[in-house]
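> All I have is the shape, not the residue letters:
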């Protein structure tokens, strides 16, 4: 499952399977008693692919043998549902603030199974519609569109697919799809950076900076210091290996992937500092602070298992 240059994947494989896991968390939050976010399409994707480990965000789906051996597992899973809900709420608000402020071009990098093009009120009563460019690998975009179309769903904006690998010349593909770099735009990089080497991350932001006109905005789920912490990384791997071994005994047909094999553990520049050096106005919110602000701070027993990412928003001044 390790990454290779120019690798591709089906939606149930590799990076695609992680998108299903995130969709499962959004579906679980949507079903909860007091949901922070509502994503009616998340379950649609899960129903389309059938059963898999991605469904374990529903507590009822956890094998009892696993819970007996790892009593904190349900709490850990719930903390990740809360994290994903807060992450979703952060980016939802970012986009609605941007389009409410007059931005009419939106670019979602590595869109995955993000359904914002369908579920957000993009135009908010404005006469000029919003165009949302979704960039991702062809198979991912094809699965998303065909699944939602079969469900009878229609985008709430002018949605434009840009089927391209972000390791390729995606700026050319974006411009060819109609993006106008002379006009302000809003960008997101959500759940993306661990899957990019450090040099690719720098190149990604250099391209965004080059395409973003004055007045543009960008929101990034940036990696924090915890990502490279060797002690936390070893602890996470040890716990995951235990769970994988137990799961293999309980259900040999359902293998839990080693997600961290898809990640690039490399030193990289702080995202907020990167944009600040290039003249952007930046705000940065650590994940635990973001979750506390939404009333979703995780239990202390599993706090170290919540991603220590930094939710970074930047605005390119007009003056």
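Happy to help now that I have it. Keep in mind the model is a prediction, meaning the values are calculated, not measured.
> Nearest residue to the middle of the chain?
Nearest to the mean C-alpha position of the chain, by Cα atoms, centre = their mean, lies residue 191 at 3.3 Å.
> On the three-state scheme, that one is what?
When classified by DSSP: H, G, I helix; E, B strand; the rest coil, residue 191 comes out as coil.
> and it, how far is that from residue 267?
Distance of residue 191 to residue 267, given as Cβ to Cβ, to the nearest Å: 20 Å. Quick note: C-beta positions are derived from backbone N, CA and C, even for glycine.
> check contacts around residue 236.
Counting by Cβ atoms under 8 Å, 6 or more residues apart in numbering, residue 236 makes contact with 260, 305.
> mean confidence for the host helix or strand of it?
Secondary structure assignment for residue 236, by DSSP states H and E: helix 230-250. Averaging pLDDT along helix 230-250 gives 80.
> Counting by contacts, list what the next helix or strand after that helix packs against.
As assigned by DSSP H and E, the chain's next helix or strand after helix 230-250 is helix 271-277. Helices and strands touching helix 271-277, by 3 or more Cβ pairs under 8 Å, 6 or more residues apart in numbering; DSSP states H and E, are helix 198-211, strand 217-222, strand 281-286, strand 310-315.
> tell me what the last one is packed against?
Okay, so that is strand 310-315. Using 3+ Cβ pairs under 8 Å, 6+ apart: strand 310-315 touches helix 73-100, strand 217-222, helix 271-277, strand 281-286, helix 287-293.
> and stretch 91-109, how far out from the chain's middle?
16 Å (Cα atoms, centre = their mean, to the nearest Å).
> Report the buried residues of that stretch.
Across stretch 91-109, burial judged by 16 or more other Cβ atoms under 10 Å covers 91-92, 94-96, 98-99, 103-109.
> Any chance you could list what contacts the helix or strand of the chain with the lowest mean pLDDT?
The weakest-scoring helix or strand in the chain, judged by mean pLDDT, DSSP states H and E, is helix 64-69 (a mean of 73). With Cβ under 8 Å, 6+ apart as the test, helix 64-69 has contacts from 73-74, 242-243, 246-247, 249-250.
> ditto for stretch 108-119
By Cβ under 8 Å, 6+ apart, stretch 108-119 touches 11, 19-20, 22-23, 38-42, 45, 91-92, 95, 132-136, 140-141, 144, 148, 153-157, 159, 166, 187-192, 195, 204, 208.
> low pLDDT regions in this protein?
1-16, 51-62, 125-127, 252-258 (pLDDT under 70).
> Run a quick neighbour tally on residue 197.
14 (other Cβ atoms under 10 Å).
> surely it meets residue 263?
No. With contact defined as Cβ atoms under 8 Å, residue 197 and residue 263 do not form a contacting pair (10.1 Å).
> related to what we said a few turns ago, what is the nearest of the contacts of helix 64-69 to residue 277?
Each of those was scored against residue 277 by Cβ to Cβ, and residue 243 proved nearest at 40.9 Å.
> ok, the closest one touching residue 77?
No. Counting by Cβ under 8 Å, residue 243 sits too far from residue 77 to count as a contact (10.8 Å).
> between these two, who's got more neighbours?
Taking neighbours as other Cβ under 10 Å, residue 243 and residue 77 compare with residue 77 leading, 21 against 17.
> and that one, how far is that from residue 173?
Applying Cβ to Cβ to residue 77 and residue 173 gives a distance of 37 Å.
> Residue 240 now?
Taking Cβ to Cβ, one finds residue 240 at 36 Å from residue 173.
> repeat for residue 39
Residue 39 sits 27 Å away from residue 173, going by Cβ to Cβ.
> Look at those two and report which has more neighbours.
Taking neighbours as other Cβ under 10 Å, residue 39 and residue 173 compare with residue 39 leading, 25 against 16.
> ok, and the closest non-adjacent residue to the more buried one?
residue 26 (4.3 Å; Cβ to Cβ, 6 or more residues apart in numbering).
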